[in-house]
Every structure is written in structure tokens, then in C-alpha cells.
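In: with the input below, show me the fold.
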Amino acid sequence: MAGDPTIISDSHLPITIESSDLGYDGFRQVVTYRYREDESGNSARREIVRGQHAVAVVAYDPNLDQLVMIRQFRLGAQLGVGKGLSVELAAGLIDEGEDAASAAARELKEETGLDALSIKPMCRFLTTPGLTDEVLNIYYAEVNAQNLAEEAGHASETEQTFPFLLSLQEAMDAIDSNNINNGIVMIGLMWFARHKNQLLDAEK
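Out: All right, here's what the predicted structure looks like:
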């Protein structure tokens, strides 16, 4: 195995892509890859959903001590767990030529109606590495949520979102109770809970 096994870190494994065939080209591309591991010689065939890089935003009003989240219908959630009106962070794809921080601020505005007073990177992760190459970048945004709209979204994308406020404790209780099934939300909120003090201190 490539890399130092004493270090807990993802590492590069040299492979050779032997072929790639586009099987579907729609909202996402599905590509069939045949590859060989250079060192072991092991080979495999895999279908990968090609994904753009995306962003999600943990939005927080320090004066209200409240998070801003949204509800939005997701067909995948409806099919998977029967709960399609999903509790989410403001999130979306990074447009071509757009940097991640700008995309995070744009998605926050589109899905909550709020401007980011400041924005900082938190973490990034692969959403489902066995299925897709999509990378999700999570940002922290300070907001003023005193006049939070009840409904938002980007009409041209048939997007309807319902922003709401909640405390960090309420959010963590919902995760602990498995009332939130969205992994992006879980990762973003748990990372925020772990690093909240550092993020707020940096604002001073």
C-alpha cells in the first residue's frame, strides 16, 4: 500500500486508467472506467458519477446565537427514507470560473436571502467516494438573520427553500435523534460545534 501506514491520512495510489466510456450525459455524467493498480496489478471496472465541486454553508448569527438552515424537497431523500422535505444547509454547485467562497456566498443569498457578513473555509470531503468524485467544500458564514424570509430559492432552477432558525443544541439534538439524515448537514454541524469558539474568536 502506498504511503506511510503510521500516518492517518488519505494517500495517493498510482493507477492506470485503461479505458473510460461515457454511459450517460444528463444532469450528471456516468462514466464506466477500467483501471489497473500499478503496484499490485489488480484491475477493476467501476461506474462513476462525475460531479462538479460543490459548497455548503453553516450560517450563524452570533447576536441571536442561532443557526440558519433550510428545508427543501429532495427526491432522493423521499425515495431513500420517505422524508423528502429535507433539513439542509444552504448549498449548491460551484459555477465554471467561480471560486468556492464566492459560490458559498451566492448560494447563501439564493437559498436564505441573507448576505454573508464574513465567510471562512471549514472543511472539505468526498460525499460518496465509492460512487462519485464529487467534492463538497463547507464554509462558515456570519449573518444577520433578524429579518429572515420564510421562503427563498432560485426560481430559474425550480428551487423552493424554506429558511428557519434554530440553536446549535437543537441541531445537535436532531442529529443525535437521527431526525436529520443528511450527511452534509451532520458533518458541517459537528465540525462547527467542534470549532465554534475558534471561528467566533477569529471574527473579533
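In: which SS state does the closest residue to residue 184 other than its chain neighbours fall under?
Out: Nearest residue to residue 184, sequence neighbours excluded (Cβ to Cβ, 6 or more residues apart in numbering): residue 56, at 5.3 Å. For glycine as for every other residue, the C-beta is placed from the backbone atoms N, C-alpha and C. Look at residue 56: counting by DSSP: H, G, I helix; E, B strand; the rest coil, its state is strand.
In: give me the helices and strands touching the biggest strand by length in the chain, please.
Out: Criterion DSSP state E: the longest strand present in the chain is strand 15-25. Applying 3 or more Cβ pairs under 8 Å, 6 or more residues apart in numbering; DSSP states H and E, one finds that strand 15-25 contacts strand 29-37.
In: buried residues in the following helix or strand past the strand it packs on?
Out: Moving toward the C-terminus from strand 29-37, the first helix or strand encountered (DSSP states H and E) is strand 43-50. Neighbour counts over strand 43-50 (16 or more other Cβ atoms under 10 Å) mark 48, 49 as buried.
In: hang on, the earlier thing: isn't the residue nearest to residue 184 up against residue 183?
Out: No. Between residue 56 and residue 183 there is no contact under Cβ atoms under 8 Å: 10.6 Å.
In: the more surrounded of these two?
Out: Per other Cβ atoms under 10 Å, whichever of residue 56 and residue 183 has more neighbours is residue 56, with 23 against 12.
In: ok, residue 34 to residue 14 distance?
Out: Residue 34 is 16 Å from residue 14, where distance means Cβ to Cβ, to the nearest Å.
In: looking at those two, which one has more neighbours?
Out: Taking neighbours as other Cβ under 10 Å, residue 34 and residue 14 compare with residue 34 leading, 14 against 9.
In: contact partners for the more buried one?
Out: Taking Cβ atoms under 8 Å, 6 or more residues apart in numbering, we find residue 34 in contact with 17, 18, 19, 20, 43, 44, 45.
In: take those residues and write them to CSV, including pLDDT and distance to residue 98.
Out: Below are those laid out as CSV (pLDDT from 0 to 100; distance: Cβ to Cβ, whole Å):
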residue, pLDDT, distance to residue 98
17, 97, 28
18, 97, 34
19, 97, 32
20, 97, 26
43, 97, 37
44, 97, 34
45, 97, 34
